[in-house]
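**Q** Kindly generate the corresponding structure for this input.
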Amino acid sequence: MADESIERILEQELGKIGATGGELGLEMAGPIGEMLGVGSPPEAAKDFALRGGLRGASFAARHMKNDVFQATLELSVSPADATRIFVQELNTLGKTLTGDASRTYPVLRAVVMAGLMNMNPAVVEVEVVPLGVANCRITVTGTAKEGLIKQHAGEKAVRRVMESVGIAEAGNT
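**A** Next up is the predicted model:
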């Protein structure tokens, strides 16, 4: 199981998607209601749709399994350069978050959208371990929630990050 902070991040991110779904459903209710002659929903319904979608998705996320994928490789790049490259790519691909300061080596963390049509949030963590002045070991871990249809979003997020920095193959370790 992923640590509690990753669970909380995924729950919040899926809740945001659920709130958007609730809002879209309400937007569709207006035109459909007009066509059926029952009118548009009241303005107060918007708040209920947003909160309902958010709470429903957050609740579901707490009961879903995680797809966790990890790739580790050694690079002939200084640890500082590797960190800079991955920070830049994580900023480009997603929303960067505060890393886990309790670990021995710094961990970069971001929410990257992955899975089918890049609609499933995944938490990607990049750990850079110095092996010398001009080389380091990189461990990229992706964690995403899996529903009934397995999207392997954790794996897809890791592969997306690795490809964005020019690493073609990333294997599970």
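**Q** Quick check: nearest residue in space to Ser76, chain neighbours excluded?
**A** Spatial nearest neighbour of Ser76, excluding adjacent residues (CB to CB, 6 or more residues apart in numbering): Asn135 at 5.1 Å. Glycine gets a C-beta too; all of them are placed from N, C-alpha and C.
**Q** my guess is that neighbour meets Leu75, correct?
**A** Yes - the pair Asn135 / Leu75 is scored as a contact, 6.4 Å apart, by CB atoms under 8 Å.
**Q** Please say which of the two ends up with more neighbours.
**A** Leu75 (18 against 14; other CB atoms under 10 Å).
**Q** what about the more buried one, distance to Asn66?
**A** Applying CB to CB, to the nearest Å, the value for Leu75 to Asn66 is 27 Å.
**Q** Repeat that for Thr20.
**A** On the measure of CB to CB, Thr20 and Asn66 end up 22 Å apart.
**Q** These two: which has the busier surroundings?
**A** Higher neighbour count among Thr20 and Asn66: Asn66, with 19 against 14, using other CB under 10 Å.
**Q** residue contacts, the spatially most central residue of the chain?
**A** Closest residue to the average C-alpha location of the chain: Ala122 at 2.3 Å, with CA atoms, centre = their mean. By CB atoms under 8 Å, 6 or more residues apart in numbering, Ala122 lies in contact with 10, 111-115, 142-144, 153-154, 156-157.
**Q** Downstream of the lowest-mean-pLDDT helix or strand in the chain, the next helix or strand is which one?
**A** Ranked by mean pLDDT, DSSP states H and E, the helix or strand of the chain with the weakest confidence is helix 44-62, at a mean of 65. Downstream of helix 44-62, the first helix or strand assigned by DSSP states H and E is strand 65-75.
**Q** So which elements touch that following strand?
**A** When contacts are defined as 3 or more CB pairs under 8 Å, 6 or more residues apart in numbering; DSSP states H and E, strand 65-75 packs onto strand 136-146, helix 153-164.
**Q** try it again with 10 Å
**A** helix 4-36, helix 79-93, strand 120-130, strand 136-146, helix 153-164 (3 or more CB pairs under 10 Å, 6 or more residues apart in numbering; DSSP states H and E).
**Q** So which of the ones you listed is nearest Gln70?
**A** strand 136-146 (4.5 Å; CB to CB).
**Q** That closest one pairs with which strands, parallel or anti?
**A** Applying DSSP bridges, strand 136-146 is found paired with strand 65-75 (antiparallel), strand 120-130 (antiparallel).
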